[in-house]
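# following is a predicted model, sequence given first.
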Amino acid sequence: MQRKAYVPGVAALLAVLLAGCTGGSGDDNGTTDPKPGESATTPTAAQPGKYRTLPEPCAAVSHGTLDSLLPGIKQVTDEEQREKTYEGTATQTYDTDRKVGCRWKAQSTGATDHLLVDFERVVSYDNAVSDDDRATEIYLKRETSADLPEPVASSESPESSEASESSSSSDSSESPESSGSSADESGSPSDDSGSGPSSSASDAESGSATPSDGSTPSALQPRTLDDLGDEAFLDDALSSTRQRTVTVVFRTSNVVVTIQYDEQPATTTDVPSSKDMQDRARKLAGQLADAFND
């Protein structure tokens, strides 16, 4: 009788133990209870960039835009040669899915113009860093390398500032210094003031202020741009040989676009117009940005 009473008790105990084991294994489904202050969710990978391909760079600029940037194209009399100039030359690249570019060159009676358009699609190989964030890092490095001057506070628009400063300095000219340098407060005239096409007419066109050191009005100095892509900047430099180079760099999602536009006058007395070159480069940049958004 006692053995019969004992066996059911052991069976009941085993049932309890088995139930406990079953409950424990049910919690082992690949998740663990988070520690205090921790989240139980699994981190998600960073989002990929918007763009998976790049446009054909040599077809990205219309003939009309090239005519504006490179006036010498319309002066090419040979039709076959003119078409070849419009086509441009692709830059060397080892991965056309990641980086492509195109160059154009045209010589006119007054100057030789060059244009470079470069597209770089950025891909992050770090799951914790998105393609856009990685592209931002690359863009910021280029902006830092440009060493843009501190912005000058002004209530005037670029057009009104350029016009007023131009009219007040009709007999001034730009010197062969970089246009991005700060203005000299001494007010001494440029050595080549009043000589040839680079004197008052050229200065009124380019919007030069007191150009003893080749400085440009604050509205035309190298600066960041608020109306182009996700972030953008413009650089403007005048070399000792009076070659002006205007560079516009902007980022749209995970693509960084670079436009480099330079002009070398045929004579040492000419100075390329800062305003005209900036206007043309910015117009092209806007067209490229719109094409990415289409």
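Done, it's in.
# my guess is Val122 contacts Lys141. True?
No. Val122 lies out of contact with Lys141 (Cβ atoms under 8 Å); the separation is 11.7 Å. To be clear about C-beta, it is placed using only N, CA and C from the backbone, and glycine gets the same treatment.
# surely Thr247 meets Arg223?
No. In this structure, Thr247 is not within contact of Arg223 by Cβ under 8 Å, at 12.0 Å.
# between these two, what contacts are shared?
Common neighbours of Thr247 and Arg223, using Cβ atoms under 8 Å, 6 or more residues apart in numbering, are Leu234.
# ok so, going back, which one of Val122 and Lys141 has more residues nearby?
Val122 (23 against 10; other Cβ atoms under 10 Å).
# once you drop chain neighbours, what's closest to that one?
Leaving aside its sequence neighbours, Val122 sits nearest to Ala135 (Cβ to Cβ, 6 or more residues apart in numbering; 3.9 Å).
# pLDDT at that neighbour, what is it?
On the pLDDT scale, Ala135 is placed at 97.
# name the element it belongs to?
Counting by DSSP states H and E, the element that carries Ala135 is helix 131-146.
# how much space between Gly101 and Thr109?
28 Å (Cβ to Cβ, to the nearest Å).
# just the helices in the stretch 1-150 of the chain please.
2-26, 63-69, 79-87, 131-146 (DSSP state H, counting those that start in this stretch).
# look up how far Arg52 lies from the residue nearest to Ser130 when sequence neighbours are not counted.
Distances taken as Cβ to Cβ, 6+ apart put Ala46 closest to Ser130, at 3.8 Å, once the chain neighbours are dropped. Per Cβ to Cβ, Ala46 is found 16 Å from Arg52.
# any buried residues in stretch 98-115, and which?
99-104, 106-108, 110-115 (16 or more other Cβ atoms under 10 Å).
# sorry, slip of the keys, the one I care about is stretch 87-100.
Under 16+ other Cβ under 10 Å, the buried positions of stretch 87-100 are 88, 99-100.
# nearest to Asp67 among those?
Using Cβ to Cβ, Gly88 comes nearest to Asp67 of the buried residues of stretch 87-100, at 13.5 Å.
# next up, the contacts around the closest one.
Counting by Cβ under 8 Å, 6+ apart, Gly88 has contacts 57-58, 61, 102-104.
# Ala46 and Arg52: which has the busier surroundings?
Ala46 (16 against 11).
# give the other helices and strands that the helix or strand containing Arg280 contacts.
Under the criterion of DSSP H and E, Arg280 resides in helix 274-293. The helices and strands touching helix 274-293, judged by 3 or more Cβ pairs under 8 Å, 6 or more residues apart in numbering; DSSP states H and E, are helix 63-69, helix 200-206, strand 231-238, strand 244-252, strand 255-265.
# adjacent strands (with direction) for the fourth one?
Strand 244-252 has these partner strands in its sheet, going by DSSP bridges: strand 231-238 (antiparallel), strand 255-265 (antiparallel).
# so after the lowest-mean-pLDDT helix or strand in the chain, what's the next helix or strand?
Least confident element among the helices and strands of the chain, by mean pLDDT, DSSP states H and E: helix 200-206 (a mean of 40). Proceeding N to C from helix 200-206, the next assigned helix or strand is strand 223-225, under DSSP H and E.
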